[in-house]
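Peer 1: Give me a model of this one.
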Amino acid sequence: MAGSSRVYKPVKRRNLRHNAAHVSAIGSYAKWVQTEICATPSFPLWTKFVTLSVTVSVLMSQISTTSGSLNASRWSPQKIFSRGLNHTDERPPLLHLPNGFVKLAAMQRTIAAELPGKSNWLITATSRARAIAPTRSEWLGALATTILLVLSFPNFSLAPLAWIALVPLLVVIVKRPSPGSAFLLGWASGSVFFYVTCYWLTYSMIHYGGIPTLIAYVLLIPGALVVGIFPAFFAGVTALVIKRWGPLAVLIAPFTWATFEWLRLGVTGQLWNAIGYSQAELYFAIIFPARWGGVYAVGFLIVAVNAGVVLAILMRQPKDLVIAGVVIAAVPCVMLASWKQSSHPVAQPRLYVIAVQPNVPMTMVKSVAEMKELLDRHLALSIKALNSLPADNTPRLVVWPESPMNFTYANDRTFQELVATLTRDNHTSLIFNSLEPGPNDGSYNSASLINDEGRLISQYDKIRLMPFGEYVPVPQWLGGSLISGLVGEFTPGDKYTLMPVGNQRVGVFICIESAYPWIPRRLTAEGADVLINISNDGYLGPTAVMRQHLANTIFRAVENGRPLLRVTNTGLSASIRANGFVEDITSGYEVDVRTWKIGPAFTSDTFYTRHGDIFVQLCTVITIASLLTAVFLRRSSRSLR
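Peer 2: As a prediction, the model looks like this:
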């Protein structure tokens, strides 16, 4: 191919606006495609049409970068293509399209007309696909948002970045409010964000499932794409509203963001790494709005600041700058008001809690000697901590975490006698994780309470089970029975049981239930004075999941205005005050024990405890109303024309 050496290559210069050589190179490339591809009889018509479509799109984007005088609304690549590029009397000002390029576009239409079937449909579909395809700069904006969001979460934990993380994506949407393009950008950004921040899901597949590392990371892609669809809908709906109402409508973003986070939890059963969780480790008033709106309220305020910054960047009118300033300034005011929020305080009696972190290995098969050594470790850590307490009448509670020990109280007489002796001799109550019989030969993942007399007096059965870990969300006729034989099948509980310890009522929830706001909220509403989360993250390794999981429990404490004690097998165990302050945290994968004194303190019933998700439900109503208004008013205006 004689002309192959003349193929156009982008020239890296700061200003190519009037570069005649650049335009000439584009014309040469067009002529080469015309002579070498389209004039070859052996090429099928479909091949020629696809080649020409891609070439026209690429060359037009290069011409756009060459000429800064193109009017974006009149001379977009899509409109020039739809006019055929042969209207030489309507060429864009200061830019003369190369003759080879004009002929190339005309040839593209001619070949399309010779294609079998409805060629007009093909041309229309191709044109629409190019119309919604994001540009290079738009992809870079979405990438910047993804990077900033990833950096704001553990283990990077640059939490302040979340307050500007969405600015690049929102700027792109405001500048070109194309719902289709925004949807693609939001989907890509959201999918990559969840893939990167939830990489730890591959740990158990690699280390315990025997799956090769590369395949494990490939298997993570479908889940990230599914969860990433919700940021995509956020971006698409926001773009649609902005397209109808103008740039000021970017202020709908916090409402749509909260809406689709709530829908993500309802549809997928996961709210992991909601944007509000990025602020969990920044103690003080920043997360206090969770007291009235949950983690959704904190996320709402973060996105509101992002939207205000976008207005300040893009808008130049004094009125718009004032609106942006008011939005941004309102956020700290809301935080301060949440910090001062209080209702009828209730005096809380004292309680000593001993949290045992045994660091039980995750190997599924253990010898009798190994099991005895691990059980002795639980007992030794507990007794040593109990002996260090003052000899007074303060109630005592020892907590053993969820772990692979697989204690079974109902059917193990030896274990019954062991825990009865421990509690009676040391005048303490004991909470431990156990496998207990359920109906129809099923099993519960339970938390059991033995009182200081050695009797079982309370049992909480885990309500929200882990998919593919504790149950299989697949019908038996689709192979669910086979999978359940591999991973186990637990029966979900249905009672929010409180455990009495001294004068206190303890609400216990197990492991991943900390990621479901309604479970601790329901326990608090039933009368819990203190919340305890027993957990085991050991199967996910020393990864970011440890701090991400802790972030969930911090929010559960603030949402309900209750102290929350997190007792784990491998870390991170911690005492969390009702205001979200974390203290006495353990290190990961170390044998440890903590003694915490609960009370005297003052707690209050929060708005969130009393009314639940009413805030995010209101956001959903506003989002739906805005969407319907934008869609139907647009259709009405079209019909009037």
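Peer 1: Which elements pack onto the biggest helix by length in the chain?
Peer 2: Assignment by DSSP state H gives helix 614-640 as the longest helix of the chain. Secondary-structure packing of helix 614-640 (3 or more CB pairs under 8 Å, 6 or more residues apart in numbering; DSSP states H and E): helix 229-245, helix 253-268, helix 290-314. (Each C-beta comes from the backbone N, C-alpha and C, glycine too.)
Peer 1: Quick one: those helices as JSON lines, columns for mean pLDDT and mean neighbour count too.
Peer 2: Output for these, formatted as JSON lines (pLDDT from 0 to 100; neighbours: other CB atoms under 10 Å):
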{"stretch": "helix 229-245", "mean pLDDT": "96", "mean neighbour count": "24"}
{"stretch": "helix 253-268", "mean pLDDT": "97", "mean neighbour count": "23"}
{"stretch": "helix 290-314", "mean pLDDT": "97", "mean neighbour count": "24"}
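Peer 1: any weak-confidence spans in the stretch 1-150 of the chain?
Peer 2: For the stretch 1-150 of the chain, applying pLDDT under 70 flags the ranges 1-129.
Peer 1: scratch that, the stretch 251-400 of the chain is what I was asking about
Peer 2: Ranges of the stretch 251-400 of the chain meeting pLDDT under 70: 283-284, 340-349, 365.
Peer 1: ranges for the strands of it?
Peer 2: 346-348, 351-357, 396-399 (DSSP state E, counting those that start in this stretch).
Peer 1: And the residue lying closest to residue 529 once chain neighbours are set aside, its phi and psi?
Peer 2: Once flanking residues are discounted, residue 529 sits nearest to residue 504: 4.8 Å by CB to CB, 6 or more residues apart in numbering. Residue 504 has phi and psi values of phi -100, psi 150 when expressed as degrees, to the nearest 10.
Peer 1: Could you give the bridge partners of residue 504?
Peer 2: Note on residue 504: beta-bridge partners by DSSP bridges are residue 501.
Peer 1: Next: residue 448.
Peer 2: As assigned using DSSP bridges, the partners bridged with residue 448 are residue 432, residue 459.
Peer 1: what about it, neighbour count?
Peer 2: 25 (other CB atoms under 10 Å).
Peer 1: try the one 10 residues further on
Peer 2: By other CB under 10 Å, 18 other residues sit near residue 458.
Peer 1: hmm, back to that, just the buried residues of the longest helix of the chain, please?
Peer 2: 615, 616, 619, 620, 623, 626, 627, 630 (16 or more other CB atoms under 10 Å).
Peer 1: Among those, pick out the one closest to residue 442, please.
Peer 2: Relative to residue 442, the closest of the buried residues of helix 614-640 is residue 616; by CB to CB it sits at 33.9 Å.
Peer 1: would a markdown table of the buried residues of helix 614-640 with distance to residue 494 and pLDDT be doable?
Peer 2: What follows is these, written out as a markdown table (distance: CB to CB, whole Å; pLDDT from 0 to 100):
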| residue | distance to residue 494 | pLDDT |
| --- | --- | --- |
| 615 | 27 | 97 |
| 616 | 25 | 98 |
| 619 | 29 | 97 |
| 620 | 27 | 97 |
| 623 | 32 | 97 |
| 626 | 38 | 94 |
| 627 | 36 | 93 |
| 630 | 42 | 88 |
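Peer 1: Nearest to residue 310 among those residues?
Peer 2: So of those, ranked by how close each gets to residue 310 (CB to CB), first place is residue 626, at 17.1 Å.
Peer 1: so residue 466 makes contact with residue 513?
Peer 2: No. If you go by CB atoms under 8 Å, residue 466 and residue 513 don't touch, sitting 9.5 Å apart.
Peer 1: Of the two, which one has the most company?
Peer 2: When neighbours are counted by other CB under 10 Å, residue 513 comes out ahead of the other of residue 466 and residue 513, with 22 against 17.
Peer 1: Is the more buried one part of a helix or strand, or is it coil?
Peer 2: Classification of residue 513 using DSSP: H, G, I helix; E, B strand; the rest coil returns helix.
Peer 1: what sits against it?
Peer 2: Residue 513 sits next to 462, 463, 464, 519, 520, 533 when contact means CB atoms under 8 Å, 6 or more residues apart in numbering.
Peer 1: The last one: which element?
Peer 2: Under the criterion DSSP states H and E, the helix or strand holding residue 533 is strand 530-535.
Peer 1: Please report the distance of residue 612 from residue 158.
Peer 2: Residue 612 sits 32 Å away from residue 158, going by CB to CB, to the nearest Å.
Peer 1: So the two - more neighbours on which side?
Peer 2: residue 612 (17 against 13).
Peer 1: quick one: pLDDT of that one?
Peer 2: Predicted confidence (pLDDT) at residue 612: the value is 95.
Peer 1: Residue 521 is in contact with that one, correct?
Peer 2: Yes. Look at residue 612 against residue 521 with CB under 8 Å: they come within range, at 6.4 Å.
Peer 1: need the helices for the stretch 451-600 of the chain, in chain order.
Peer 2: For the stretch 451-600 of the chain, the helices defined by DSSP state H, counting those that start in this stretch cover 480-487, 518-525, 545-560.
Peer 1: Compare these and give me the one nearest residue 191.
Peer 2: helix 545-560 (17.8 Å).
Peer 1: by how many degrees do the closest one and helix 290-314 diverge?
Peer 2: Using axes from the mean of the first three to the mean of the last three CA atoms, to 10 degrees, one finds that helix 545-560 and helix 290-314 are set 110 degrees apart in direction.
Peer 1: quick check, distance from helix 545-560 to the centre of its chain.
Peer 2: From the chain centre to the centre of helix 545-560 is a distance of 14 Å (CA atoms, centre = their mean, to the nearest Å).
Peer 1: still on that earlier bit, could the strands of the stretch 251-400 of the chain be laid out in TSV, adding mean neighbour count?
Peer 2: Listed next are the strands of the stretch 251-400 of the chain as TSV, based on neighbours: other CB atoms under 10 Å:
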stretch	mean neighbour count
strand 346-348	13
strand 351-357	25
strand 396-399	26
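Peer 1: what would these look like in JSON lines with distance to residue 206?
Peer 2: Converted to JSON lines, these look like this (distance: least, CB to CB, whole Å):
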{"stretch": "strand 346-348", "distance to residue 206": "45"}
{"stretch": "strand 351-357", "distance to residue 206": "25"}
{"stretch": "strand 396-399", "distance to residue 206": "31"}
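Peer 1: Would you mind saying which of these lies nearest residue 390?
Peer 2: Going by CB to CB, the one of the strands of the stretch 251-400 of the chain nearest residue 390 is strand 351-357, 8.9 Å.
Peer 1: That closest one packs against which elements?
Peer 2: Judged by 3+ CB pairs under 8 Å, 6+ apart, strand 351-357 is in contact with helix 368-387, strand 396-399, strand 564-568, strand 592-598.
Peer 1: again, only using 6 Å
Peer 2: helix 368-387, strand 396-399, strand 592-598 (3 or more CB pairs under 6 Å, 6 or more residues apart in numbering; DSSP states H and E).
Peer 1: Give me the sheet partners of the last one and which way each runs.
Peer 2: Same thing as strand 592-598. Counting by DSSP bridges, strand 592-598 is paired with strand 351-357 (antiparallel).
Peer 1: Nothing else from me, thank you.
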